[in-house]
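S.K.: Below: sequence and its predicted model.
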Amino acid sequence: MSILHCAPLTEGLLEAVLVVDPASECIVSVNAAAVRLAGSQREAMVGSRIREWLPEPQDATYWDEWQAGIVQTLESQTSLRRADGTLLRVQRRFSPIHPNGGAPQVLVAMQDLHAAERTRQHLETLLAELRAALESTSDGILVCDLDGHIRAFNRTFATLWALPEALLTQPDDAAVWGHLAACVPDAAGFQARLNELQRSPLREAHDLIPLRNGRLLERASRPQLARGRPIGRVYVFRDITERAATEAKLRLAAQVFESSLDAIIVTDAARRIVACNPAAQRLAGLGPGDAQGDPVDALLQSARNPDWAAQRDAALAQQGYWESELWLRRDSGPGVPLWTSWVLLRDDGGRVLNTVLFAKDLSEKLEAQRRIEQLAYTDPLTGLPNRLMLDERVGHAIRLAQRSGDGFALLFLDLDRFKSINDSLGHLFGDQVLVEVAARLQRCLRQTDTLARLGGDEFVIHLHAADQGAAEKAAQRMIAAVTQPVTIDEMQFTLSCSIGIAMYPQDGTSLDALIRCADTAMYQVKERGKGHYRFYQPQMSTELLARVQTDHALREGLHRGEFELHYQPRVTVRTGQIDGCEALIRWHRPGTGLVMPGAFIPIAEETGLIAALGAWVLDTAVAQAARWAAEGRPLQVAVNVSALQFQQPHFVQDVAQALQRHGLPPRLLELELTESILIRDAEEALAKLRSLAALGVTLSLDDFGTGFSSLAYLKRFPLHRLKIDRTFIAAMPEDEADAAIVAAIVQMGHALAMEVVAEGVERAEQLHRLRSLGCDHCQGFWFARPMPAAALRAHLDGVPGAGTAG
Ligand SMILES: Nc1nc2c(ncn2[C@@H]2O[C@@H]3COP(=O)(O)O[C@H]4[C@@H](O)[C@H](n5cnc6c(=O)[nH]c(N)nc65)O[C@@H]4COP(=O)(O)O[C@H]3[C@H]2O)c(=O)[nH]1
């Protein structure tokens, strides 16, 4: 083949090709690739010596040895000297060719080693970069081929799945897959899912894989494509344990925010509202997004602490937290009391992002507290302060007084005869009376004073900064107010009250001491006729103490049977015969001896014990009268009935039952009543007296002449006897005036068809005069002193010496 024939063949080759005449060592032809490789011109190359282009010794040696006929072919690396003089590393191959019939020639083929090297290096770099990228990602990556054989995985994958070290160095697909399956609680499900993905090479999938160690992995799985065709699958694993927890927390926080019963308001750093939860919207009467951007402080206020916003800001800046009671403003009404907690939120750099306000509606709590306090501090009937509140107010007054040196007054007020109102008209009526009295007393006082009800009909009044003069005036005002006629349930009546006054600090420096003193003074008023006031005087206490002790001993005595009845005979003036007797109570008080009724009946009346004591007297006297009657010595027994006893609703019944119990004919019982019984609530008294008279009991009016002695009621009531008080008899017959009164009483009694009894007859002259005045019966020491039942029996039987008892 000639050179001309050869050239078209080599021209299209990508490889650089030269043809050299070995004899001349000149280039006979070059292809375009060779011209490009040498950076020369075809003309410059053809005809030039090959040694100029391939200057290395091994090339020179080849040509030398060719001449010597030693070598034919050579392939190795060498340098090509390019036209610009630079050397280029090439892979060069010498091969002899034999053109048709001509001398042999040498075909020199060259490949640019530099370009190949560059490509290789480029690929290596690319691979290294890919590896670095693979390793630097925080995701775990696993690459598999379509059959599931593992092609590659990165270190993060190994870490996420805690692959044993051995599996990192010794590839073992089965062991890796086995390890992965062992890491999940549902190995079968895990494997099934992998198989499913493998069957669908183009499918993309996302899964969450919980691991046995508690971590949660997210798996993204994508097909690996080459020229648009799937060649495998890439699995990307990401540990989302923390993110899932954070998301769960955020979801929870959002739920809490939405459903919290407490109002939550989020503000920006400048305290402008960013978000309000539904509870906050309800509380503030806002629609969703209504107050967005408004300053949160405009919604709130505090009457007690106008600096609250500044204090909050200071506390938030220092501690990040602040709590206080505030009021939510309302367009109308008083607003809503709130308990607010504020929290400051900062970013990682410490910059303030938000504040969060948590607010609890305190309305119900405050209302409940107010009601509890009200219940604890007030008397439920009258709404007045009770003892507890009085304690606080007076305690406060004492503390003030200690500083200022001022005094004040404490008054103890007790309604007179309230117990009988309660007993006779019932508690409901009594309650109405107390409410009315409380209102009247309150009107007598200033705002700074305290009127408290201690219970029952006892009121205590603290008169703020009052001296004796002011206390006296207040007491007078209150007595005047209480004694105004009262109308309740269409019933009109009058009340009175007794007031004791104690002054701070002279009478006491504590509430207890002051109450004790005022109470003592009040008792003194009661003793001396009621309806008045009195200042405490130190000696009062001993008297009161004695009274309190007596009251206690009386109650004990009644239980222990320390009482006895003595009987004083009553004589018919005309015949001189004993026709009856009066039962008079005696008390054998341990350590004291025999106590006369004058020393304890008033106390028993004051304390109400008289009702029980009177019941005992009635029963004992009826029993005694029944015994005498049974013994064939019938003798009428007169029993003193006190007002309170008479007012007992069941009094008539008690009398009837006593008669029945002991089988005493009613005519042998006489009840001695006092005028006060008849005056008070005359209508009811009349009804009771009629019932008693209907029983057949004798009714007499005791101590006649000392009270009202009104003809009007004498006429109305079914009384059988009048007992002239012994004070009229005492001065007879010398005092003509008393004698005239006695004469008038006798005549009046007879005119009203009543018998008249004279009490306290001590002398024969008195008896004579009474006889001449026509008095029916007499009673007194002249005949006999009161004596025990047995002594009276002996006296009746004419035993000498009988009838001298006390
Ligand atoms: N100076 C003088 N006194 C005479 C004479 N004759 C009788 N007395 C006393 O006069 C009192 C008569 O009883 P009273 O007027 O009902 O006055 C009674 C009565 O109001 C009350 N009392 C006595 N026992 C009872 C009782 O069981 N129930 C009630 N509610 N009161 C009673 O105590 C008052 C005093 O009773 P006593 O001390 O027993 O005093 C008795 C009697 O001892 C006399 O000639 N001269």
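M.R.: Thanks, I have it.
S.K.: now the helices for the stretch 401-550 of the chain?
M.R.: Using DSSP state H, counting those that start in this stretch, the helices found in the stretch 401-550 of the chain span residues 418-425, 427-443, 468-483, 511-527, 540-560.
S.K.: Tell me which of the ones you listed lies nearest to Leu671.
M.R.: Of all the helices of the stretch 401-550 of the chain, it is helix 418-425 that lies closest to Leu671, at 17.5 Å by Cβ to Cβ. All C-beta spots, glycine's among them, are computed from the backbone N, C-alpha and C.
S.K.: Out of the helices of the stretch 401-550 of the chain, which is the most enclosed?
M.R.: helix 511-527 (a mean of 21; mean count of other Cβ atoms under 10 Å).
S.K.: Report the inter-axis angle for that helix versus helix 540-560.
M.R.: Taking axes from the mean of the first three to the mean of the last three Cα atoms, to 10 degrees, one finds helix 511-527 and helix 540-560 inclined to each other by 80 degrees.
S.K.: Can I get helix 511-527 in PDB, CA atoms only?
M.R.: Presented in PDB, the C-alpha positions along helix 511-527 are these (Å, rounded to 0.1, in the frame of the first residue of the first chain):
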ATOM      1  CA  LEU A 511     -61.400  42.000 124.100                       C
ATOM      2  CA  ASP A 512     -62.000  39.200 126.500                       C
ATOM      3  CA  ALA A 513     -61.300  41.300 129.500                       C
ATOM      4  CA  LEU A 514     -63.400  44.200 128.200                       C
ATOM      5  CA  ILE A 515     -66.300  41.900 127.400                       C
ATOM      6  CA  ARG A 516     -66.100  40.400 130.900                       C
ATOM      7  CA  CYS A 517     -66.300  43.800 132.500                       C
ATOM      8  CA  ALA A 518     -69.100  45.000 130.200                       C
ATOM      9  CA  ASP A 519     -71.000  41.800 130.900                       C
ATOM     10  CA  THR A 520     -70.600  42.200 134.600                       C
ATOM     11  CA  ALA A 521     -71.800  45.800 134.500                       C
ATOM     12  CA  MET A 522     -74.800  44.600 132.400                       C
ATOM     13  CA  TYR A 523     -75.700  42.000 135.000                       C
ATOM     14  CA  GLN A 524     -75.700  44.700 137.600                       C
ATOM     15  CA  VAL A 525     -78.200  46.600 135.500                       C
ATOM     16  CA  LYS A 526     -80.400  43.600 135.300                       C
ATOM     17  CA  GLU A 527     -80.300  43.100 139.000                       C
END
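S.K.: Tell me which residues are up against stretch 429-436.
M.R.: By Cβ atoms under 8 Å, 6 or more residues apart in numbering, the surrounding residues in contact with stretch 429-436 are Leu381, Thr382, Leu415, Phe418, Ile421, Asn422, Arg453, Asp457, Val486, Ile488, Asp489, Leu495.
S.K.: quick one, what contacts the residue in the stretch 1-150 of the chain that the ligand sits nearest to?
M.R.: The nearest approach of the stretch 1-150 of the chain to the ligand comes at Ser138, 106.2 Å away (Cβ to the nearest ligand atom). Going by Cβ under 8 Å, 6+ apart, Ser138 touches Thr156, Arg238.
S.K.: rerun that using 7 Å as the cut-off
M.R.: With contacts defined as Cβ atoms under 7 Å, 6 or more residues apart in numbering, the neighbours of Ser138 are Thr156.
S.K.: Tell me the secondary structure of it, please.
M.R.: Here Ser138 is coil, with the state taken from DSSP: H, G, I helix; E, B strand; the rest coil.
S.K.: going forward, begin numbering at 464 instead of 1
M.R.: Done: numbering now begins at 464, and the last item shifts to Ser601.
S.K.: Let me know the pLDDT of it.
M.R.: pLDDT recorded at Ser601 is 87.
S.K.: can you check Ala938 too?
M.R.: pLDDT for Ala938: 96.
S.K.: Can you list the buried residues in stretch 1200-1209?
M.R.: Using 16 or more other Cβ atoms under 10 Å as the test for burial, stretch 1200-1209 gives Asp1201, Ala1202, Ile1204, Val1205, Ala1206, Ile1208, Val1209.
S.K.: State the helix or strand in which the last one lies.
M.R.: Secondary-structure assignment from DSSP states H and E places Val1209 in helix 1199-1214.
S.K.: and the residue of the stretch 714-863 of the chain found nearest the ligand, what does it touch?
M.R.: Nearest residue of the stretch 714-863 of the chain to the ligand: Leu844, at 31.9 Å (Cβ to the nearest ligand atom). The contact partners of Leu844, taken as Cβ under 7 Å, 6+ apart, are Asp894, Leu897, Val898.
S.K.: ok, the closest residue to Arg1226 other than its chain neighbours to the ligand distance?
M.R.: What sits nearest to Arg1226 in space, not counting adjacent residues and going by Cβ to Cβ, 6 or more residues apart in numbering, is Trp1245, at 6.1 Å. The gap separating Trp1245 from the ligand is 7 Å, by Cβ to the nearest ligand atom, to the nearest Å.
S.K.: Phi and psi next, for Trp1245.
M.R.: phi -60, psi -30 (degrees, to the nearest 10).
S.K.: Do I have it right that it meets Gly1223?
M.R.: No. Using Cβ atoms under 7 Å as the test, Trp1245 is too far from Gly1223 to be in contact (9.2 Å).
S.K.: wait, what's in contact with the residue in the stretch 764-913 of the chain positioned nearest to the ligand?
M.R.: Across the stretch 764-913 of the chain, no residue is closer to the ligand than Ser883, which sits at 14.3 Å (Cβ to the nearest ligand atom). By Cβ under 7 Å, 6+ apart, Ser883 lies in contact with Ala1106, Leu1107, Gln1110.
S.K.: Just these: which are in strands?
M.R.: Among these, none falls in strands (DSSP state E).
S.K.: Now do the phi/psi pair for the closest residue to Ala928 other than its chain neighbours.
M.R.: Spatial nearest neighbour of Ala928, excluding adjacent residues (Cβ to Cβ, 6+ apart): Asp869 at 5.3 Å. With angles defined as degrees, to the nearest 10, Asp869 sits at phi -80, psi 160.
S.K.: Please apply the same query to Leu517.
M.R.: phi -120, psi 90.
S.K.: Downstream of the host helix or strand of Arg499, the next helix or strand is which one?
M.R.: According to DSSP H and E, Arg499 maps onto helix 495-501. Using DSSP H and E, the helix or strand that follows helix 495-501 towards the C-terminus is helix 505-508.
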